[in-house]
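> sequence isn't available, so here's the structure alone:
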């Protein structure tokens, strides 16, 4: 009887102790840590996979979130022979949030803004999934975009209208743009030109501010 009583008291004391000082499961801690670090690990892994897939990647800064990728126009399309520099921005939440991509040198396409290079692509903008990676973007999504433009949802209205009304003239203009803006030697020039345009805009903005200040009468 005394042994039974002692056992019961030990059980009660143990229960009270665990309620006041709950024991932490080390596996849970590891799981949380793994979950917290997974986006950055996945980002690094996807970038490495892209580099190993023979794509030319140029980092913009010391981080792993902004870089350029050299992209060739797909076979059996009027874009064949063209080479584009694509700017990629990976958000902190990648791969749970889609990358931002844009053409640096010009391309004539209904779903690409001619001035900014931004892309209208459902799989990037709306239906992105963490199952996709950067290799999918350059081996599947962008080639599909160039092979099968969607003129009903345009960012370049002129290209969309020309494609719908005169496919031959549209393809001829695509080839002209490839010849003029998308040769291998144009890639570096496009990036420098874009950078100088941005600097010029900032200088013009600063100059206009100075003029405003100079034009104001003294109180």
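Noted; the coordinates are in hand. These numbers come from a predicted model, not from an experiment.
> residue 122: neighbour count?
Neighbour count of residue 122, defined by other CB atoms under 10 Å: 13. Where you see a C-beta, it was placed from the backbone N, CA and C, and this is true even at glycine.
> state the distance from it to residue 73.
Here the criterion is CB to CB, to the nearest Å. By it, residue 122 lies 21 Å from residue 73.
> ends of stretch 146-161, what's the gap?
End-to-end distance of stretch 146-161 (CA to CA, to the nearest Å): 16 Å.
> which other residues reach that stretch?
When contacts are defined by CB atoms under 8 Å, 6 or more residues apart in numbering, stretch 146-161 is touched by residues 73-74, 76-77, 79, 108-114, 118-120, 163-164, 170, 173.
> of those, just the buried ones, PyMOL syntax please.
Restricted to the buried members of the contacts of stretch 146-161, where burial is judged by 16 or more other CB atoms under 10 Å, the PyMOL selection command reads as follows:
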select buried, resi 73+74+77+79+108+109+110+111+112+113+118+119+120+163+170+173
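> so which of the contacts of stretch 146-161 are in helices?
For those, the ones inside helices are 163, 164, 170, 173, with DSSP state H as the criterion.
> which one among these gets closest to residue 91?
The nearest member of the ones in helices among the contacts of stretch 146-161 to residue 91, counting by CB to CB, is residue 163 at 31.8 Å.
> what is the most widely separated pair among the ones in helices among the contacts of stretch 146-161?
The most widely separated members of these, counting by CB to CB, are 164 and 173 (13.5 Å).
> ranges for the strands of the chain?
Assigned by DSSP state E, the chain shows strands spanning 57-59, 66-72, 83-89, 100-103.
> avg pLDDT for the shortest one?
Over the span of strand 57-59, the pLDDT mean works out to 95.
> quick one, what contacts residue 63?
Taking CB under 8 Å, 6+ apart as the definition of contact, residue 63 has no neighbours.
> against residue 40, how distant is it?
Relative to residue 40, and taking CB to CB, residue 63 is found at 11 Å.
> what's the answer for residue 70, then?
Distance, residue 70 to residue 40, using CB to CB: 25 Å.
> ok, residue 158 next?
The value you get for residue 158 to residue 40, if CB to CB is used, is 41 Å.
> I figured residue 94 hits residue 43, correct?
Yes. In terms of CB atoms under 8 Å, residue 94 counts as a neighbour of residue 43; the distance is 5.4 Å.
> any common contacting residues for the two?
Overlap of the contact sets of residue 94 and residue 43 (by CB under 8 Å, 6+ apart) consists of residue 65.
> from memory residue 85 sits against residue 185, does it?
No. Using CB under 8 Å, residue 85 makes no contact with residue 185, being 11.8 Å away.
> more crowded one of those two?
Per other CB under 10 Å, whichever of residue 85 and residue 185 has more neighbours is residue 85, with 23 against 7.
> show the pLDDT at the more buried one.
Looking at residue 85, its pLDDT reads 97.
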